[in-house]
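In: Structure for this input, please:
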Amino acid sequence: MKLFTRKNISTNESVFGMTDVGMKREGNEDAFLLLPEKHLYIVSDGMGGHNAGEVASQTAVDALQVFFDFNAIQPIPEESKEEVMINAVHEANRQVFEKGLSAPEYSGMGCTLLVAFIDKSTLHVCHVGDSRLYVIDKKKIIQVSTDHSVVMELVQAGQMTKAEARHSYLKNQLTQALGTSPVVRPEYIQRTLKKGDTVLLCTDGLWDMLSDEEIYTIVRKGAKPEEICSKLISKANEAGGNDNITVVIATISGN
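Out: Here you go, the predicted structure:
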């Protein structure tokens, strides 16, 4: 199993990330970026023929790295953080969309984008697509982000259960993604964290293979972020590894 890792231990969170090609794909179209000095963590899942998905996800991640080099998110007023994060996602979308127009082989490419900013005891999340962010504590696992997918809209409308959504032939149909349109509608969420919480960012290569309950059990049994990442990826591959798998774990050690 080939793993690509990036790690940092900061004053408030211990962070580790891994990505793996999985068992069925030839290439890895996922991308992730850890900016621990800024407390920013990013995951993207590419879509498109040939290597276009890989190009889309890497373009999005690179765009955010440059954006946050020139646009500080800390320290700024709390009410301004949402605006900065949404603007970052819009800029990434612009670059992926324009890249898709630049060559025939990139036509129609796109990607998900999930951005997390941990500001002491506050988690800020902004995303487009179905890469997920979970918060896990001693008692439960909570999916903080909302999948931008056809099946999630049906679940929210009461026309499908979450269990049915997991097995639906519609489960991979997104309602929006970066690069597929000049305009996206990012979701922004703010949530209070507490000491001992674990923040998990992942692509669908993880959550489509493992149930929330299985993810919760592995996270709670893990000692260090790198051990948790490795175990989650191993279990997703054991379950079939149908897609690329990317996992970022941040454990909150203090406030």
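
In: how about the helices of the protein, start to end?
Out: Ranges of helices in the chain, per DSSP state H, are 52-70, 78-102, 150-156, 162-167, 204-207, 212-221, 225-238.

In: Which strands or helices does the shortest one pack on?
Out: When you say that, I think you mean helix 204-207. Contact here means 3 or more CB pairs under 8 Å, 6 or more residues apart in numbering; DSSP states H and E; on that basis helix 204-207 packs against helix 225-238, strand 245-252. All C-beta spots, glycine's among them, are computed from the backbone N, C-alpha and C.

In: can you redo those as a markdown table with distance to Y169 and mean pLDDT?
Out: As requested, these are exported to a markdown table (distance: least, CB to CB, whole Å; pLDDT from 0 to 100):
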| stretch | distance to Y169 | mean pLDDT |
| --- | --- | --- |
| helix 225-238 | 21 | 97 |
| strand 245-252 | 22 | 96 |
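
In: now Q95: how far from T112?
Out: 15 Å (CB to CB, to the nearest Å).

In: neighbour-wise, which of the two wins?
Out: For Q95 and T112, the more surrounded residue by other CB atoms under 10 Å is T112, and the numbers stand at 27 against 20.

In: so the more buried one makes contact with D130?
Out: Yes. Applying CB atoms under 8 Å, one finds T112 in contact with D130, separated by 6.0 Å.

In: give me the low-pLDDT residue ranges for the stretch 151-255 of the chain?
Out: 254-255 (pLDDT under 70).

In: returning to that earlier point: A250: which of the helices of the chain is closest?
Out: helix 225-238 (7.0 Å; CB to CB).

In: residue contacts, I189?
Out: The neighbourhood of I189, defined by CB atoms under 8 Å, 6 or more residues apart in numbering, consists of L123, H124, V125, C126, V144, S145.

In: Quick one: the residues you listed as TSV, columns for pLDDT, distance to E13 and neighbour count too.
Out: Shown next, in TSV, are the contacts of I189 (pLDDT from 0 to 100; distance: CB to CB, whole Å; neighbours: other CB atoms under 10 Å):
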residue	pLDDT	distance to E13	neighbour count
L123	96	10	22
H124	97	13	21
V125	98	14	22
C126	98	18	25
V144	98	16	18
S145	98	18	20
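
In: and of the residues you listed, the nearest to M209?
Out: S145 (17.9 Å).

In: what's near enough to touch that closest one?
Out: Contacts of S145 by CB under 8 Å, 6+ apart are L114, V125, H127, S131, R132, L133, E187, I189.

In: picking up where we left off before, now the common contact residues for T112 and D130.
Out: With CB under 8 Å, 6+ apart, T112 and D130 have common neighbours D45, L174.

In: now do the same end-to-end measure for stretch 68-82.
Out: 14 Å (CA to CA, to the nearest Å).

In: And for stretch 30-42?
Out: OK, stretch 30-42 end separation, CA to CA: 11 Å.
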